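In: Okay, predicted coordinates and the sequence, questions at the end:
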Amino acid sequence: MYVWPSTVSLRASVPRKITSPASTEVTKAVKVVKYTYVPLSDLKPGVVVNVYAVVTFFKQPFRTKGTDYCSTLKITDQSNQKVGCTIFCDKLEEHPKIFKMGDIIRLHRVKTQLFNGAISLLTSHGFSVVTFDGMVGSPVVPRTSSESFKFGEEDCQVVEALRTWAANQSLVPAQPCVPLSAVQPKTYFDLTCQLLAKAPVDSSCTLLKVWDGSKCPHPLLDVFVEPNTLEGCPTLSKDMANLTANVLVYDNHVEVARQFKPGSYLRIYNLHAVPGASRLPSNDSGQSDQTGHLGFHLHGGTSYGRGLRVLPEDSPDILDLKKILETFSESDINDSSMFEVWSTPPESFGVLTFFTVMTCDHTVEQVSLAEVKSRSPPQVFHVQVQLKSYQPQRLYQSLKLFCHKCKTIRDVPDDVTVEGLFSEAQKDVGPCNNGYWTLVLPLPREPPSESPSQTLTLLMSSQLMGNGKAQELIFLMGTCRIASAYSNIVPVTSPQGTMTPLDLSAPFLFRGTKRYYGCKQCSQLKVGESLGEGVEVWDEKSVADALGVQLLQYGLLMKLELQDGTGFLEALLWRDAESFFHVSAEDAAADQEAQDRVQETMDRLCPPGSSTAERPWMDLCLSAYTVEENGQRRACYQICHTGTRGTNPHTHPHATPRDT
DNA sequence: GGTTAGGGTTCG
């Protein structure tokens, strides 16, 4: 509930509710007004309304030919209606403080208008605006210059509802924010950075020297200006370390840039990465050759939201940036021994260290994800990306069993399922008679108090006993916990008095802490026949051979959603997953330490609750191929020839294997 | 009090 003193404004602010003349009679007392917000799909032309919405496009305020600055927006809400919105206001500080697409906006007293057959919104008298960060879970802090704005619990709820809704809509097509370490030449991107220094170049161009703490893999263009024209102090060492980006700001943006003070934090929208800009002002012939070096242009005009603004120091993205910048001290940067490290591209350092290394030897050019998607498979790509998300979140679900013969993949059954299979098999346990097998004994149960009806039977191969190898392979009927004295244990049952391996849903073999599975489709069981002649070593392969089991191989399967500022791409990690994590899938199935290593890797790539800026960048080799599903062909991507690096062995204290 | 602009890459 809000206090509003004017009945005239009240009518405007509550257009659909106030109809009774009685409500306008209370003019002496202060009015209690609840703002009504109209869904964008319900807008009719020619009325003044209040709306709440998500910003899907915006231009920073720019000077018009009239007296005002203009902000151009596109907004939407749960009604899914997209509405254009034009804000005229002569004071810059009264324009909406929009930092990125997805921000939430509250507009009071905007006028609906029919333009080109669609409803648009225009500022009207008494207009006011408040904006909010759009990220789900971030604090609901209103951004406004107004001191008299009204904001309460209900507003919080509306903001949170819009955030939640927007999060599932993919309203923002691609993440336009890219650090210098991931800039692709010839692309347009948004840069969040700190201003180191600036210098006027001419009446329509200003130079901004900025950095974001990340090292660009491409050499950066240096723009020389007379030292006395330079405001602020860029350190030469940052230039030498390829940390300083030179941004040339043109035309209408010069006026905006004039207000900036060195040290402040900026976001530059639709910045153009231009390689080999050789004809630059004041780049005299004494300069070293900078052909191919990357310069940055903020072209004139406002297309694609081109513009720039100062971001407040307490905004989440700036807090992230500050953390990164704080990892550099001048002494580090001036330390000449560090230069050698830095001059070895594409290595980086600090928070933005590249997390992976490619082991392939093909020399394909690095491309953006947008480009990957535009080309048709089969093809190999090199990309520089961050991890957006991954599946499965429960890493044990990424363990799979793979049959080399029929190429099928199945899940590893969990302990409960395996237990169920054994209980079921136990029902068929009975005396069995077979010339090949020697009934050694019904084993005593541990603990002995367990039901006597559950018998446990140990069988050994007569043939192996003859060879003195009886202990190497035993057959076990019933369930138990058994000492590791036996290296290969095959669980069996005896439905019609014939010893038979269990259904192949269950492990057909236990070896130490490891379990092995067979393919139901491809195995042709032959227990009862003689065991393989001439087998020297009894391991999972020879046991499988002897029993006619098609051995399944363990593998790790994950789906990684990658991002690089030009788009998103889902890629599988399967064929080379083991070398990516530096673990064997078979170990991961049995060994806690190996499982932890996979988990730690994922936690470092995608720290829980982390923002994009905190996630490390990866160099990946991607293989693109085509799969056919239900008659539909689609491109599929797999990460190959890539391994994580920099894993500190000290972070992996020896762990005890999982109890089996 | 009315006007401005009404998204969709510069050309340095």
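Out: Yes, it's here.

In: For the nearest residue to A:His297 once chain neighbours are set aside, which residues are in contact?
Out: Once flanking residues are discounted, A:His297 sits nearest to A:His272: 4.5 Å by C-beta to C-beta, 6 or more residues apart in numbering. To be clear about C-beta, it is placed using only N, CA and C from the backbone, and glycine gets the same treatment. Taking C-beta atoms under 8 Å, 6 or more residues apart in numbering, we find A:His272 in contact with A:Thr187, A:Tyr188, A:Phe296, A:His297, A:Leu298, A:His299.

In: Stretch A:177-185 near DNA strand B at all?
Out: No - on the criterion C-beta under 7 Å from any atom of the strand, stretch A:177-185 is out of touch with DNA strand B, staying 11.7 Å away.

In: Just the buried residues of that stretch, please?
Out: By neighbour count, with 16 or more other C-beta atoms under 10 Å as the criterion, the buried positions of stretch A:177-185 are A:Cys177, A:Val178, A:Pro179, A:Leu180, A:Ser181, A:Ala182, A:Val183, A:Gln184.

In: Ok, stretch A:309-320 next?
Out: Judged by neighbour count using 16+ other C-beta under 10 Å, the buried positions of stretch A:309-320 are A:Arg309, A:Leu311, A:Ser315, A:Asp317, A:Ile318, A:Asp320.

In: Would you agree the third one is in contact with A:Ile98?
Out: No - when contacts are counted by C-beta atoms under 8 Å, A:Ser315 is not listed as touching A:Ile98 (11.8 Å).

In: Spell out which residues are contacts of both of the two.
Out: Residues touching both A:Ser315 and A:Ile98 (C-beta under 8 Å, 6+ apart): none.

In: Chain neighbours aside, what residue packs nearest to A:Arg615?
Out: Spatial nearest neighbour of A:Arg615, excluding adjacent residues (C-beta to C-beta, 6+ apart): A:Gln386 at 4.6 Å.

In: hang on, the earlier thing: the buried residues of stretch A:177-185 into JSON lines, with extra columns for secondary structure, distance to A:Thr626 and pLDDT?
Out: What follows is the buried residues of stretch A:177-185, written out as JSON lines (DSSP: H, G, I helix; E, B strand; the rest coil; distance: C-beta to C-beta, whole Å; pLDDT from 0 to 100):
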{"residue": "A:Cys177", "secondary structure": "strand", "distance to A:Thr626": "32", "pLDDT": "90"}
{"residue": "A:Val178", "secondary structure": "coil", "distance to A:Thr626": "29", "pLDDT": "93"}
{"residue": "A:Pro179", "secondary structure": "coil", "distance to A:Thr626": "33", "pLDDT": "94"}
{"residue": "A:Leu180", "secondary structure": "helix", "distance to A:Thr626": "35", "pLDDT": "95"}
{"residue": "A:Ser181", "secondary structure": "helix", "distance to A:Thr626": "32", "pLDDT": "92"}
{"residue": "A:Ala182", "secondary structure": "helix", "distance to A:Thr626": "28", "pLDDT": "92"}
{"residue": "A:Val183", "secondary structure": "coil", "distance to A:Thr626": "31", "pLDDT": "94"}
{"residue": "A:Gln184", "secondary structure": "coil", "distance to A:Thr626": "26", "pLDDT": "92"}
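
In: Greatest separation within the residues you listed: which pair is it?
Out: Largest separation among the buried residues of stretch A:177-185 by C-beta to C-beta: A:Cys177 and A:Gln184, giving 13.7 Å.

In: Can you give me the separation between the closest residue to DNA strand B within the stretch 51-200 of chain A and A:Val129?
Out: The stretch 51-200 of chain A approaches DNA strand B most closely through A:Gly66 (2.6 Å), counting by C-beta to the nearest atom of the strand. The gap separating A:Gly66 from A:Val129 is 19 Å, by C-beta to C-beta, to the nearest Å.

In: same check, this time on A:Gly301
Out: Per C-beta to C-beta, A:Gly301 is found 24 Å from A:Val129.

In: which SS class is the spatially most central residue of chain A?
Out: Nearest to the mean C-alpha position of chain A, counting by C-alpha atoms, centre = their mean, stands A:Lys388 at 0.7 Å. When classified by DSSP: H, G, I helix; E, B strand; the rest coil, A:Lys388 comes out as strand.

In: how about the residues of chain A that lie near DNA strand B?
Out: Contact residues, chain A versus DNA strand B (C-beta under 7 Å from any atom of the strand): A:56-57, A:59, A:64-68, A:70, A:72, A:74, A:84, A:86, A:88, A:113, A:115, A:120, A:122-123, A:188, A:204-205, A:250-251, A:270, A:272, A:279-280, A:297, A:299-306.

In: Please enumerate the helices of the stretch 201-350 of chain A.
Out: Along the stretch 201-350 of chain A, the stretches classed as helices by DSSP state H, counting those that start in this stretch are A:236-240, A:252-258, A:316-326, A:330-334, A:336-342.

In: For the residue nearest to A:Gln259 when sequence neighbours are not counted, give its distance to A:Thr86.
Out: Once flanking residues are discounted, A:Gln259 sits nearest to A:Val310: 7.8 Å by C-beta to C-beta, 6+ apart. Between A:Val310 and A:Thr86 the computed distance is 23 Å (C-beta to C-beta).

In: ok, now A:Cys519?
Out: 65 Å.

In: what about the two, which has more around it?
Out: Between A:Cys519 and A:Thr86, counted using other C-beta atoms under 10 Å, A:Cys519 has the larger neighbour count: 21 against 17.

In: What pLDDT is listed against that one?
Out: What the model reports as pLDDT for A:Cys519 is 94.

In: who's in contact with it?
Out: Residues near A:Cys519 by C-beta under 8 Å, 6+ apart: A:Cys403, A:Lys405, A:Cys406, A:Thr408, A:Leu504, A:Val549, A:Gln550, A:Leu551, A:Leu552.

In: elements contacting the helix or strand hosting A:Arg604?
Out: A:Arg604 belongs to helix A:592-605 when assigned by DSSP states H and E. If you count contacts as 3 or more C-beta pairs under 8 Å, 6 or more residues apart in numbering; DSSP states H and E, helix A:592-605 packs onto strand A:379-391, helix A:577-581, helix A:585-590.

In: Mind putting these into a markdown table with mean pLDDT?
Out: Compiled in a markdown table, those are given as follows (pLDDT from 0 to 100):
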| stretch | mean pLDDT |
| --- | --- |
| strand A:379-391 | 89 |
| helix A:577-581 | 90 |
| helix A:585-590 | 92 |
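
In: Let me know which of those is the nearest to A:Gly466.
Out: helix A:585-590 (31.9 Å).

In: Give me the distance from the closest one to the chain's centre.
Out: 26 Å (C-alpha atoms, centre = their mean, to the nearest Å).

In: Check what contacts that helix and list those residues.
Out: Under the criterion C-beta under 8 Å, 6+ apart, residues A:399-400, A:412, A:512-515, A:553-556, A:577-578, A:594-595, A:598, A:657-658, A:660 lie in contact with helix A:585-590.

In: Using the three-state scheme, assign A:Pro185.
Out: coil.

In: Could you pull up the contacting residues of it?
Out: Applying C-beta under 8 Å, 6+ apart, the residues contacting A:Pro185 are A:His218, A:Ala273, A:Val274, A:Pro275, A:Leu294.

In: swap the cut-off to 10 Å and go again
Out: A:His218, A:Ala273, A:Val274, A:Pro275, A:Gly276, A:Gly292, A:Leu294, A:Gln366 (C-beta atoms under 10 Å, 6 or more residues apart in numbering).

In: Check these for burial and list the buried ones.
Out: Neighbour-count burial (16+ other C-beta under 10 Å) applied to those gives A:His218, A:Ala273, A:Val274, A:Leu294, A:Gln366.
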